[in-house]
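**Q** Show me how the following folds:
(2 chains)
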Amino acid sequence: MDDIQPSPTAEHEADLAPAADLGTMGTQLVDKESLAAREAINPAVAAGGAAAPGAPSRKGWRGAQLMPRITPKLIVGLVLVVGIVAFALIAPLFTQDPKFSGNPAFEPPNGDHILGTTKLGYDVFAQLAYGAKGSLQVGLIAGLIALSLSIVFGIVAGYVGGFTDEALSLVTNVMLVIPGLPLMIVIASYAQQRSMLLVALILGVTGWAGAAVVLRSQARSLRSRDYVAASKVAGEKSFRIIAVEILPNLLPLLAAQFIAAVVLAILGEAGLSYLGLGPNGVITWGTMLNEAQTGNALSAGAWWWFIPPGLMISAFGCGLSLINFSIDEIINPKLRSVPAAARSVRKAKKNKPLPTASSSRTAAAPTGTAR
Amino acid sequence: MKFYARRLAFYVITLWAAISLNFFIPRLLPGNPADIILAKMARNGEIPPGVEKTVRLLLGAESDQSMWEQYLQYWGNLFRGNLGVSVTKYPTPVTELIGQALPWTIGLVGLATIISVLIGVGLGAWAGWKRGTWVDNLVPGSTLLQSLPYFWVALLLAYLFSVQWQILPRIGAYDVFTFDEPEQSWAFVLSVLKHGTLPALTIVISAFGGWMLGMRNMMVSTLAEDYITTAEAKGLRPRRIFMTYAVRNAALPSIAGFGVALGFVVAGSIVMEQVFTYPGIGKLMITAVQGNDYPLMQGVFLVITIAVLSANLLMDLVYGFIDPRARTRG
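**A** I've put the predicted structure just below:
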């Protein structure tokens, strides 16, 4: 297990609250403002409720319960993500120069060019490899920017409370409802020269609000925990409490939000680049699609030009989301325990039909395992 | 009442923020956008006399006015419904261009969103009800749908249905060779439906997975609540538990998230409209960006923002009505 998933939590065996604690916030569902966005999109967080009070046995390494279980979902996700990252790192070493135009144009996939060539004779496979590098870089940088902003606007707001909270939350909610892509388009179109960093900055600055809403509601509940109160009484500074007491407990959630931010940024970059507003002089999957559009790949029937980049974006996004699924199951144990309970009830019924089977045919009765 | 006042105040502030962003972004970015744009336009030929004034007014080039005066003037123009004059289609007012494009987008995006919500929430409720069975295995599949870039789905559909099989048209909102302009006839309606199928399909395919996943997870959580167990113990029919006990409660966050999700759909459809050359608001924005038509671009951004904000406000009011807890604790 350990060697498959690099665990950010491994070092913190000290004060890890049971994962179940993170789930309890959902009971505040009704707080409309914090409810708004993400919880519908990522109801794992909203779902909470009473999660296993007597959490799994505490034997052995305590951090173990913060590790994702090895499921087929997780394995597929990891294979996709690791595979594509490796492709981005290694493939450019072997491919042609992606801007070498000496090849015949509009060549379908063949022995020399496994993914064919573009209108200008560029090798599609080489472009795909360099594009992977570009897209992943943009996604990663934008994801980090978005994460930092959501920590400031989410966790600080939730922890400090009062006027600071009101002000920061207002900014968050404003950013949440202002449509992101049009705003990106407006900003990007004013900048004449767009470096990769600038595009990542635009994506990061417009994409943090959803995560901040989720983090804020979590931080608000952690604020009232005893161990936080104890640190406060001990005279710890707010900054230290946030960094040492709050953040480690939010690690699974932060990881999930970071992954979501990266997916969003890669999709956003693809959209911007497709419209011709992407980074200048860098190949990304988005710029490939842009060139395919302007080069009339559709009418020419050059499917090998526009299908691979989109497929890569989808596969990478899907892989990250699958990993996020596994993280969701840590944050909200109900997603795991309830279907398991339903399964065991059904199995029990099959073995020994109850006399009143007709009325409770689809019984959900969460038995011992769920509570 | 306090709840509604608070929400209303929030949207007024948001609108103010969006409009101010629109005003300040070009002025605070390094370089002087107005000069750059005027230089670009001069390269393509003579600049009509009115255009230079419009550009400078909108982008705040060196004029003798202070920033504050420009800001006030900008607001004054907005209140008079004056969004300036388009540069690429000089001298058509921006409002007129937007007025032509808006119905197409609202019709297409609105209809497609409603369809995808119905499909997604319906499937999600069913998948949540059937938790613990083989249906669980379908759930990860929905992530693939969510990771698909809208415009790529659009490209794919256009390639398959228009280029490969040639059964559906790819370009425009109606057959421009048969109809010079929109008219009221069945043939025209049919043409619109035919042209709208692929764009709508794009939105439905890309959007319903998110709804489904959200609803499914909420169903799973709701079904573990004590009142569900109580309902079962009372011997209620599963159908009744499903509809009146589980779905009604599980659907609440979906409704609350509707407004925000709409933002994503609008964003996705901007790029999608580019693929199908659909004459909606997104296509208009891209045309504006490509032609450096900043007055038009600012106007479109404003209209999109107002539309999304209104949808959010509407959903908030509806939400306050269907879930009274939101009003009392908001």
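**Q** Flag every residue of the stretch 51-200 of chain B that's near chain A.
**A** Residues of the stretch 51-200 of chain B lying close to chain A (CB under 8 Å from any CB of the partner chain) are B:129, B:131-133, B:136, B:139-140, B:143-144, B:146-152, B:155-156, B:158-159, B:162-164, B:170. Bear in mind the C-beta positions are built from the backbone N, C-alpha and C, glycine included.
**Q** Go again with 7 Å.
**A** Those residues of the stretch 51-200 of chain B that sit near chain A, judged by CB under 7 Å from any CB of the partner chain, are B:131-132, B:136, B:140, B:143-144, B:146-149, B:151-152, B:155, B:158-159, B:163.
**Q** Filter those residues down to the buried ones.
**A** Among those, those buried by neighbour count (16 or more other CB atoms under 10 Å in any protein chain shown) are B:131-132, B:136, B:140, B:143-144, B:146-149, B:151-152, B:155, B:158-159.
**Q** which residue sits closest to residue 327, ignoring its sequence neighbours?
**A** Looking at chain A here, since you left the chain open. Nearest residue to residue A:327 in three dimensions, chain neighbours excluded: residue A:256, at 4.5 Å (CB to CB, 6 or more residues apart in numbering or on different chains).
**Q** Let me rephrase: I mean chain B.
**A** Spatial nearest neighbour of residue B:327, chain neighbours left out: residue B:3 (4.1 Å); criterion: CB to CB, 6+ apart.
**Q** in what helix or strand does the one you found lie?
**A** Using DSSP states H and E, residue B:3 sits in helix B:2-28.
**Q** ok, back up a step: wait, the residue nearest to residue A:327 sits on residue A:324?
**A** Yes - Residue A:256 is within contact range of residue A:324, at 5.3 Å (criterion: CB atoms under 7 Å).
**Q** how many neighbours does residue B:52 have?
**A** Neighbourhood size, residue B:52 [other CB atoms under 10 Å in any protein chain shown]: 17.
**Q** With adjacent residues omitted, what lies nearest to it?
**A** Nearest non-adjacent residue to residue B:52, counting by CB to CB, 6+ apart: residue B:38, 6.2 Å away.
**Q** correct me, but the one you found touches residue B:53?
**A** No - contact criterion CB under 7 Å: residue B:38 and residue B:53 do not qualify, at 10.8 Å.
**Q** So for these two, which residue has more residues nearby?
**A** Between residue B:38 and residue B:53, counted using other CB under 10 Å, the more crowded position is residue B:38 (20 against 13).
**Q** ok so, going back, just the ones in helices from the residues of the stretch 51-200 of chain B next to chain A, please.
**A** B:140, B:143, B:144, B:146, B:147, B:151, B:152, B:155 (DSSP state H).
**Q** What is the burial count for residue B:88?
**A** By the criterion of other CB under 10 Å, residue B:88 has 15 neighbours.
**Q** Model confidence score at the residue nearest the centre of chain A, please.
**A** Taking CA atoms, centre = their mean, the centroid of chain A lies closest to residue A:260, which sits 2.0 Å from it. Note for residue A:260: predicted pLDDT of 89.
**Q** ok, now residue B:90?
**A** For residue B:90, the model assigns a pLDDT of 68.
**Q** so for the lengthiest helix in chain B, what's the average pLDDT?
**A** With DSSP H setting the assignment, residue counts place helix B:186-223 as the longest helix in chain B. Averaged across helix B:186-223, pLDDT comes to 85.
**Q** and that helix with helix B:139-147, angle?
**A** Angle between the axes of helix B:186-223 and helix B:139-147 is 130 degrees (criterion: axes from the mean of the first three to the mean of the last three CA atoms, to 10 degrees).
**Q** Get me the contact residues on the stretch 201-350 of chain A for chain B.
**A** Applying CB under 7 Å from any CB, we find that the stretch 201-350 of chain A lies next to chain B at A:263, A:267, A:270-271, A:274-277, A:289, A:298-299, A:301, A:303, A:306, A:310, A:313-314, A:317-318, A:321-322, A:325, A:334-335, A:338-340, A:342-343, A:346.
**Q** Quick check: the residue of chain B nearest chain A.
**A** In chain B, no residue comes nearer to chain A than residue B:257, which is 2.4 Å away by CB to the nearest CB.
**Q** any weak-confidence spans in chain A?
**A** When residues are selected by pLDDT under 70, those of chain A lie in A:1-69, A:352-371.
**Q** ok so, going back, now tabulate the ones in helices among the residues of the stretch 51-200 of chain B next to chain A in a markdown table and tack on pLDDT.
**A** Shown next, in a markdown table, are these (pLDDT from 0 to 100):
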| residue | pLDDT |
| --- | --- |
| B:140 | 73 |
| B:143 | 73 |
| B:144 | 77 |
| B:146 | 78 |
| B:147 | 81 |
| B:151 | 84 |
| B:152 | 87 |
| B:155 | 87 |
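**Q** need those in JSON lines with distance to residue A:99, can you?
**A** Below are these laid out as JSON lines (distance: CB to CB, whole Å):
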{"residue": "B:140", "distance to residue A:99": "38"}
{"residue": "B:143", "distance to residue A:99": "34"}
{"residue": "B:144", "distance to residue A:99": "32"}
{"residue": "B:146", "distance to residue A:99": "33"}
{"residue": "B:147", "distance to residue A:99": "28"}
{"residue": "B:151", "distance to residue A:99": "24"}
{"residue": "B:152", "distance to residue A:99": "23"}
{"residue": "B:155", "distance to residue A:99": "23"}
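**Q** Okay, now the unreliable bits of chain B?
**A** Scanning chain B for pLDDT under 70 picks out B:1, B:29-37, B:39-51, B:54-65, B:90, B:180, B:260, B:329-330.
**Q** Mind doing that once more with 50?
**A** Along chain B, the parts satisfying pLDDT under 50 run over B:330.
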